[in-house]
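# Predicted structure and sequence below. I'll ask about it afterward.
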Amino acid sequence: MSNDNLAALIAALEISPDNDVLRAHVVRELLKARRWKDAQEQSTALRVGQHRPLALLADARASLEAGDLPAARSAYTQAVQADRSLIDEDLEAHLEEGVSLRVPSTPGQKNEEPAVDNDNRLRTTFADIGGMEALKEKIRLSILYPLQKPEIYAAYGKKIGGGLLLYGPPGCGKTHLARATAGEIGANFYILSLNEVLSMWLGESEKQLAALFKTARQTAPSVIFIDEVDALGAKRSDFQNASTRAIVSQFLVEMDGVVTNNDKVMVLGATNMPWNVDSALRRPGRFDKVLFVPPPDKTAREQILDIHCKGRKLDNSVRLADLSGKTEHFSGADLAHLVELATERALADALRTGQMRDVTHVDFQAALKESRPSTMEWLRRAKNYVNFANQDGMYDDLDAYLEKARIR
Ligand SMILES: Nc1ncnc2c1ncn2[C@@H]1O[C@H](COP(=O)(O)OP(=O)(O)OP(=O)(O)O)[C@@H](O)[C@H]1O
Ligand SMILES: [Mg+2]
């Protein structure tokens, strides 16, 4: 990889610092380029988690360069013990002669599995999302199948690409859904934090934006997720407005490029305030598909509770079906919080008495008393926009939801 490409990757990492997949990629490239110190520096964020062995390998290289042989050996041994694919003959030659640092290879051993499989287990997929069946199906049709079966779309003369804008009340799974969309097909997932980009110096934001799209193209298939898309269209002072316009146009150039070139890069956006989204962003080929992410219905609430109760010690008295009936208008985040509250009660008891006990119905009842649904305020506000600003039918699915839920 050229130095320029590597620099672009590192720049992308600066806007998307939590992207471990990208970070691991950067560390591998830095190691290939024999930039040991840089590799170690970029890998510190990977020390906990699935990429830990890679971070250890980078440590080993940096320690060797610093002349600390024992530290290098120890780090290298741990690295290859955890992940045999990291075996590095060149590095071994530099470490002590005659000492085999390799782990004896036993076929079928756990750490012989390819790295992709390991990723599979940690990835978020549609299975981690309770309910939302109709939404999942729409995303399959407009994002997943086009990436997986481009030839079929081509045969029907259908252009793929273009963005999908998710909107809805806070905590109802927009970000979660976007991440799972990428996970569903093993695509790389990039989160673009708009507020961070907008706070950069004039000119710098455009560069970062371009770097991110470039990386996404290089590592396609990818999904770029842009949270708070409304920030691009928010009313600003004249000065800021000039720089925002520049970013919006850079963004449009990138997005249009992705569509024209069939880049296998999909753009997902999310917002709580779709009415503030710049209309230029909603033209064909851009965020032309707009989907409402509603608060979960009863079935979805039960599934969400079930997902969040996994791995917790629940007593038989807990009936998730009953709880789902008592949590109307709760968001996914509210439900996750409810489970936390109930669990905390059992935990507090265990700490006080030294006796472990399961989470019971009573814990959930108490947790319910302390909880309020957080979506109502948003839904009421949304009602106004639907009444006065739905000329183009953008909010039809929201409108239908509000009718059904009798929100006025
Ligand atoms: N359908 C769901 N299934 C399982 N968990 C969910 C679901 N919806 C929401 N959650 C839980 O709620 C949390 C918040 O969801 P998420 O961050 O995706 O909401 P959001 O719509 O992006 O909210 P915001 O508008 O505040 O960004 C998730 O981390 C997850 O734990
Ligand atoms: Mg979100």
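That came in fine, so what should we check first? In this text, all values refer to a predicted model and were calculated from it rather than measured experimentally. Ligands and ions are numbered 1, 2, ... in the order given.

# So what's the residue count around E302?
22 (other Cβ atoms under 10 Å). No exception for glycine: its C-beta is placed from N, CA and C like everyone else's.

# Now the stretch 301-408 of the chain against ligand 2: closest residue?
Relative to ligand 2, the nearest point of the stretch 301-408 of the chain is A333 (9.2 Å; Cβ to the ion).

# right, and the secondary structure at the closest residue to that residue other than its chain neighbours would be what?
Nearest residue to A333, sequence neighbours excluded (Cβ to Cβ, 6 or more residues apart in numbering): G171, at 3.0 Å. The local conformation at G171, judged by DSSP: H, G, I helix; E, B strand; the rest coil, is coil.

# Would you check that G171 makes contact with D334?
Yes: with contacts counted by Cβ atoms under 8 Å, G171 reaches D334, the gap being 6.3 Å.

# what's the overlap in contacts for the two?
Here G171 and D334 have 374-375 as joint contacts, going by Cβ atoms under 8 Å, 6 or more residues apart in numbering.

# Report the separation between the residue nearest the centre of the chain and F364.
Centrality entry for the chain: nearest residue to the mean C-alpha point is R179, 3.7 Å, by Cα atoms, centre = their mean. The gap separating R179 from F364 is 28 Å, by Cβ to Cβ, to the nearest Å.

# again, but for C172
Taking Cβ to Cβ, one finds C172 at 21 Å from F364.

# Same question for K136.
On the measure of Cβ to Cβ, K136 and F364 end up 28 Å apart.

# Likewise for D315?
Distance of D315 to F364, computed by Cβ to Cβ: 10 Å.

# quick one: which of the two has more around it?
F364 (28 against 14).

# Get me the contact residues on the stretch 151-300 of the chain for ligand 1.
170-176, 270, 272, 296 (Cβ under 6 Å from any ligand atom).

# Nearest to ligand 2 among the residues you listed?
Looking across these and measuring by Cβ to the ion, the closest to ligand 2 is T175, at 3.2 Å.

# pLDDT below threshold where in this protein?
96-122, 160-162, 196, 199-202, 233-243, 262 (pLDDT under 70).

# Now for the closest residue to ligand 1 within it, how many residues are close by?
Minimum separation of the chain from ligand 1 (Cβ to the nearest ligand atom) falls at G332, amounting to 2.0 Å. Residues lying near G332 (other Cβ under 10 Å) number 27.

# Can you tell me the closest non-neighbouring residue to it?
For G332, the spatially nearest residue (Cβ to Cβ, 6+ apart) is G173, at 4.8 Å.

# Assumed I191 was part of a strand.
Yes: per three-state DSSP, I191 lies within a strand segment.

# Now that the residue of the chain closest to ligand 1 has come up, it's in contact with V293, right?
No: using Cβ under 8 Å, G332 is not in contact with V293; the gap is 9.6 Å.

# Spit out the residues that contact the two alike.
Counting by Cβ under 8 Å, 6+ apart, the residues touching both G332 and V293 are 172-173.

# need the strands for the stretch 151-300 of the chain, in chain order.
Using DSSP state E, counting those that start in this stretch, the strands of the stretch 151-300 of the chain run over residues 163-167, 188-193, 222-227, 265-271, 289-292.

# Put together CSV for those, with mean neighbour count on each row.
Compiled in CSV, the strands of the stretch 151-300 of the chain are given as follows (neighbours: other Cβ atoms under 10 Å):
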stretch, mean neighbour count
strand 163-167, 24
strand 188-193, 21
strand 222-227, 25
strand 265-271, 26
strand 289-292, 20
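
# OK, contacts around the residue lying closest to R408 once chain neighbours are set aside?
Leaving aside its chain neighbours, R408 sits nearest to K383 (6.6 Å; criterion: Cβ to Cβ, 6+ apart). Counting by Cβ under 8 Å, 6+ apart, K383 touches 402, 407-408.

# Same list as before, these that is, but in a markdown table and with neighbour count included.
Compiled in a markdown table, these are given as follows (neighbours: other Cβ under 10 Å):
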| residue | neighbour count |
| --- | --- |
| L402 | 20 |
| I407 | 16 |
| R408 | 9 |
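
# In CSV, list those residues along with distance to Y156 and secondary structure.
CSV is the format used below for those (distance: Cβ to Cβ, whole Å; DSSP: H, G, I helix; E, B strand; the rest coil):
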residue, distance to Y156, secondary structure
L402, 35, helix
I407, 39, coil
R408, 43, coil
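
# a markdown table please, covering those and showing distance to ligand 1.
Formatted as a markdown table, the contacts of K383 follow (distance: Cβ to the nearest ligand atom, whole Å):
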| residue | distance to ligand 1 |
| --- | --- |
| L402 | 18 |
| I407 | 18 |
| R408 | 23 |
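
# Redo the residues you listed as JSON lines? Include distance to L69.
Output for these, formatted as JSON lines (distance: Cβ to Cβ, whole Å):
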{"residue": "L402", "distance to L69": "68"}
{"residue": "I407", "distance to L69": "68"}
{"residue": "R408", "distance to L69": "74"}
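
# Keep the residues you listed, but drop any that are not near ligand 2.
For ligand 2, no contacts are drawn from the contacts of K383 by Cβ under 5 Å from the ion.

# Among those, which one sits closest to E377?
Closest approach to E377 among the contacts of K383 (Cβ to Cβ): I407, at 10.8 Å.

# May I have the secondary structure class of the residue nearest to R408?
Three-state call for K383 (three-state DSSP): helix.

# so G131, which of the three states?
Strictly by three-state DSSP, G131 counts as coil.

# tell me, how many neighbours does the nearest residue to it once chain neighbours are set aside end up with?
Excluding its sequence neighbours, the residue lying closest to G131 (Cβ to Cβ, 6+ apart) is A300, at 2.2 Å. By the criterion of other Cβ under 10 Å, A300 has 21 neighbours.
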